[in-house]
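K.L.:
With the sequence up front, the predicted model follows.
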Amino acid sequence: MLKKIQEMQKFYAPGLPFVPLAEVLNGRALVLPKPDYPREAREMNLDGMVVVQVEIDEKGKVTNTKDLCQGPPYLSESSTKAAFQARFSPTTVSGMPVKVKGVIVYNFVRR
């Protein structure tokens, strides 16, 4: 999956630095809401994948998001909004909670 994300990023966002494996989130998702599929996106038959980089604080709260794909605006906005609502178990190093970065992948499929 990581390789697929790297290939996608090279295609959609060349020149954007790739998030190294060491920075990928290793905490467990406690709450991972699905993004809304915006009406405008449905009407325009938009679908696809949105990869959102998230920064998580020591308590497991998402503090910052960034769409790595720079995909369709309607899907990007919905994805980053959902990512902000996600909650994770704290990631610890030597028993101490730390801030981490990771990615959340959202797939939008027309139905």
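P.N.:
Great, that's in hand. Predicted, not measured: the structure shown is a model, and the values here were computed from it.
K.L.:
what ranges do the strands span in the chain?
P.N.:
For the chain, the strands defined by DSSP state E occupy 29-31, 48-56, 62-67, 87-88, 91-93, 96-98, 100-108.
K.L.:
Test my guess that residue 105 contacts residue 48.
P.N.:
No: judged on CB atoms under 8 Å, residue 105 makes no contact with residue 48 at a distance of 11.0 Å. Yep, even glycine has a C-beta here, placed from its N, CA and C like the rest.
K.L.:
Out of the strands of the chain, which is closest to residue 40?
P.N.:
With CB to CB as the criterion, residue 40 lies closest to strand 100-108 of those, at 12.3 Å.
K.L.:
Can you list the buried residues in the closest one?
P.N.:
100, 101, 102, 103, 104, 106, 108 (16 or more other CB atoms under 10 Å).
K.L.:
What of stretch 46-66?
P.N.:
Result for stretch 46-66 [16+ other CB under 10 Å]: buried residues 46, 48-57, 60, 62, 65-66.
K.L.:
now stretch 31-38
P.N.:
35, 37, 38.
K.L.:
now swap in stretch 79-86 and tell me
P.N.:
79, 80, 82, 83, 86.
K.L.:
Identify the residues contacting the last one.
P.N.:
Pointing back at residue 86 there. Going by CB atoms under 8 Å, 6 or more residues apart in numbering, residue 86 touches 29, 31, 32, 33, 54, 62, 104.
K.L.:
likewise the fourth one?
P.N.:
Taking CB under 8 Å, 6+ apart, we find residue 83 in contact with 52, 54, 62, 65, 104.
K.L.:
Please repeat the previous calculation with a cut-off of 10 Å.
P.N.:
32-33, 35, 50, 52-54, 62, 64-67, 103-104, 106 (CB atoms under 10 Å, 6 or more residues apart in numbering).
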